[in-house]
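Trainee: quick one, structure for this:
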Amino acid sequence: MPYHLRFGEADPLRIRFAVSPLWETHSAVRVLARPEKQGYHLPWMRRIAGAARELDLRPLHLLMPLRGHNPDFLYPPPLGPAAAFEDEIRAVRETDPALALDDFARALAETPGAADTAEGRRLLADPAGAVERLAELLRAVWEALIAPEWPRLRALLEADVAYHSRRLAEGGLERLLGELHPAFDWASETATLRVDYPGEHDRPLDGQGLVLMPSVFTWPDVVSGFDPPWQPTVVYPARGIGGLWSEPRDRTPEALARLLGPVRADVLCALAEPMGTTALAHLLGRAPSSVSSHLSVLRDAGLLTSRRYGHQVLYERTPLGIALSQPETE
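Mentor: The predicted model follows:
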């Protein structure tokens, strides 16, 4: 059965986007265990292969059944639009052991024999200790596998949020939900979001609204089903992950580099999605002041536009900039 998220009168006013480093950390662990999810992430996997071998990920993998319940407390929906990893992992550590025990039991029951393994028995016998061990393991995964790549990941996730926020402003909730993912189906007559996802979940939002969270490592799936006390949340694949791990130089046509200069051409071609100066500087490995100067020139030349989104200015290519930055053809 699909999931049903039922909106009340106030819920459309409480739609918000969020980005979660903890969710990406947890989802990256899942990718490492599932070859069918690795296609877009092979460059990253090659880079982190040595560090991943140093981590014992079996306790986390045991709590990741192919279908069914996963412990929500390990990746609770973030309270703000851009949570810090330290704040999120602190919330994991503060989990009530009784809630953790229930989550463990439900997740282990999804995989025959999981509760009878040595690690399964350990989780169930000492949920408070297990919460602390899992939090430390997630921290180790974050530091070794995700934090070095976070500027790149965050830039893509924030670009997705900026794009869909604009779509929401332009076309309203029905248009937004219709575009996020093919698994979404908005029924306006019943104010219900239907998510085509294995399992059963029917939840009235009850004025809490809905968190929409783009993810890099969730591709190609959507994820929902967060139970109370967690806020209703839907995780969907972020736009643009096909070019996530390619380097800017790989995307820059040689002729464009000769025309604009290699650095300025790299800046233009890196803006496949709207992006701020700091994120773009991280992606290109250059000083923000240098990137800012090139952005200004490209904007003045009519190749970029800029607009304010929250606390930052986002740059994106104009139709002319898009045309110039297309890959070369034979």
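Trainee: check contacts around the closest residue to Leu324 other than its chain neighbours.
Mentor: Leaving out its chain neighbours, the residue that sits closest to Leu324 by CB to CB, 6 or more residues apart in numbering is Leu256, at 5.9 Å. C-beta here means a position set from N, CA and C on the backbone, and glycine is covered the same way. Listed by CB atoms under 8 Å, 6 or more residues apart in numbering, the contact set of Leu256 reads 265, 268-269, 324-325.
Trainee: tell me where the stretch 101-250 of the chain has helices.
Mentor: For the stretch 101-250 of the chain, the helices defined by DSSP state H, counting those that start in this stretch occupy 118-125, 127-141, 150-180, 248-251.
Trainee: check the offset of the longest one from the chain's centre.
Mentor: With CA atoms, centre = their mean, to the nearest Å as the basis, the distance from the averaged C-alpha position of helix 150-180 to the chain average is 12 Å.
Trainee: which other helices and strands contact that helix?
Mentor: If you count contacts as 3 or more CB pairs under 8 Å, 6 or more residues apart in numbering; DSSP states H and E, helix 150-180 packs onto strand 15-17, helix 21-33, strand 184-187, strand 210-215, strand 275-276, helix 277-284.
Trainee: and the longest one, what other elements does it pack with?
Mentor: Spelled out, that is helix 21-33. Using 3+ CB pairs under 8 Å, 6+ apart, helix 21-33 sits against helix 42-53, helix 58-62, helix 85-93, helix 127-141, helix 150-180, strand 210-215.
Trainee: rebuild these as CSV, extending it with mean neighbour count, mean pLDDT and distance to Pro237.
Mentor: Shown next, in CSV, are the helices and strands packed on helix 21-33 (neighbours: other CB atoms under 10 Å; pLDDT from 0 to 100; distance: least, CB to CB, whole Å):
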stretch, mean neighbour count, mean pLDDT, distance to Pro237
helix 42-53, 13, 92, 16
helix 58-62, 16, 94, 21
helix 85-93, 16, 94, 21
helix 127-141, 18, 96, 21
helix 150-180, 18, 83, 9
strand 210-215, 24, 93, 6
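Trainee: for the residue nearest to Ala84 when sequence neighbours are not counted, what are its contacts?
Mentor: Closest residue to Ala84 apart from its sequence neighbours, by CB to CB, 6+ apart: Pro21 at 7.3 Å. Contact partners of Pro21, counting by CB under 8 Å, 6+ apart, are 83-85, 88, 142, 146, 150, 154.
Trainee: ok, of those residues, which one's closest to Thr318?
Mentor: Arg154 (24.6 Å; CB to CB).
Trainee: hmm, Ala83 and the closest one touching each other?
Mentor: No. At 11.3 Å, Arg154 and Ala83 do not qualify as touching, with contact defined as CB atoms under 8 Å.
Trainee: which residues do the two both contact?
Mentor: 19, 21.
Trainee: what's the closest of the helices and strands packed on helix 150-180 to Leu260?
Mentor: Distance to Leu260, taken as CB to CB, is lowest for helix 277-284 among the helices and strands packed on helix 150-180, at 14.1 Å.
Trainee: average pLDDT across that closest one?
Mentor: Averaging pLDDT along helix 277-284 gives 81.
Trainee: which outside residues touch it?
Mentor: 151-152, 154-155, 158-159, 248, 266-267, 270-271, 275, 287-288, 290-292, 295, 312-313, 315.
Trainee: what about 7 Å?
Mentor: 151-152, 154-155, 158, 248, 266-267, 270, 287-288, 291-292, 295 (CB atoms under 7 Å, 6 or more residues apart in numbering).
Trainee: buried set for that helix?
Mentor: For helix 277-284, the neighbour count (16 or more other CB atoms under 10 Å) marks 277, 279-284 as buried.
Trainee: any chance of the helices and strands packed on helix 150-180 in JSON lines, with distance to Leu304 too?
Mentor: Shown next, in JSON lines, are those (distance: least, CB to CB, whole Å):
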{"stretch": "strand 15-17", "distance to Leu304": "23"}
{"stretch": "helix 21-33", "distance to Leu304": "28"}
{"stretch": "strand 184-187", "distance to Leu304": "31"}
{"stretch": "strand 210-215", "distance to Leu304": "23"}
{"stretch": "strand 275-276", "distance to Leu304": "10"}
{"stretch": "helix 277-284", "distance to Leu304": "11"}
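Trainee: of all the ones you listed, which one comes closest to Leu124?
Mentor: Leu124 lies closest to helix 21-33 among the helices and strands packed on helix 150-180, at 20.5 Å (CB to CB).
Trainee: how about the closest one: buried residues?
Mentor: By 16+ other CB under 10 Å, the buried positions in helix 21-33 come out as 21-32.
Trainee: again, but for stretch 220-240
Mentor: Neighbour-count burial for stretch 220-240, counted by 16+ other CB under 10 Å, picks out 221-226, 231-240.
Trainee: rewinding a little: so of the contacts of Leu256, which ones are in helices?
Mentor: Applying DSSP state H to the contacts of Leu256, the entries found in helices are 265, 268-269, 324.
Trainee: between the residues you listed, which sits nearest Leu108?
Mentor: Cys269 (47.4 Å).
Trainee: measure Leu205 to Pro2 for me?
Mentor: Noted for Leu205: a distance of 16 Å to Pro2, by CB to CB, to the nearest Å.
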